[in-house]
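Enquirer: Give me coordinates for this.
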Amino acid sequence: MRYVWLALGAVLLALGGYGCMRMKPRTPAGPAAAQTNGDATSPAGTGQANDLGAPDATMATAIEPGDTTPDLKDFIPPGQNPGAAEVIARLRAAGINTGIAAFNPPGTSPPLIGIAVPEDFPLPEGFVRHGQATDDGQRIEPILMFSPDYDFYDAKGNPIPVPENRVVPPEYAPPGLKIRMIRIPPPAG
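Expert: Below you'll find the model as predicted:
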């Protein structure tokens, strides 16, 4: 009986998807539509941007007729090629905090330096591997960190002070782990 319900659900989902694809977008009609859609023949279609680089109501290339979804190109005036940090700043200034604007600009959170942990090294309870990447997408080998779900004590039962960034210093490395600090690769060129 479960398979009948699953099949029925799949058919309904497919029909709903097909119906959504067949729907035509609603577009306003008349002279007001030409101005809001950035018609190049209208006086409003000048393509100017405000000081933040965000489009104003007159951006000519901003939106296709019927498509009201803002695009990244709507926030970058033609001919400009800003870096990722500037794009994120412009989007956030325009009140957008989703998509690429949900991420911190490159360089704001540098990689952590710590003890390299080989993939085949069995981690004792309370330790974790922490994988990272550079701003340009290069993979950095995992480092050893203290697990946030574990309390650490020395041989005498005294609490071990865990650094705020949770990176394990060499003196607290588990037995058998060769102490080798990772190196951050240079930017890809």
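
Enquirer: Tell me who's in contact with the closest residue in space to G83 that isn't next to it in sequence.
Expert: Counting by CB to CB, 6 or more residues apart in numbering, the nearest residue to G83 once its immediate chain neighbours are dropped is P106, at 7.7 Å. C-beta coordinates here come from the backbone N, C-alpha and C atoms, glycine included. Applying CB atoms under 8 Å, 6 or more residues apart in numbering to P106 gives the contacts 83-85, 135.

Enquirer: Can you check the pLDDT for P70?
Expert: pLDDT recorded at P70 is 71.

Enquirer: Now that it has come up, it's in contact with I96, right?
Expert: Yes. Counting by CB atoms under 8 Å, I96 is a contact partner of P70 at 7.3 Å.

Enquirer: got the contact list for P185?
Expert: 134, 138, 140.

Enquirer: can you pick the most crowded of those residues?
Expert: Counting neighbours by other CB atoms under 10 Å, I140 leads the contacts of P185 with 18 neighbours.

Enquirer: three-state assignment of the residue nearest to G83?
Expert: coil (DSSP: H, G, I helix; E, B strand; the rest coil).

Enquirer: Buried residues in stretch 164-173, which are they?
Expert: Buried residues in stretch 164-173, counting neighbours by 16 or more other CB atoms under 10 Å, are found at 167-168, 172-173.
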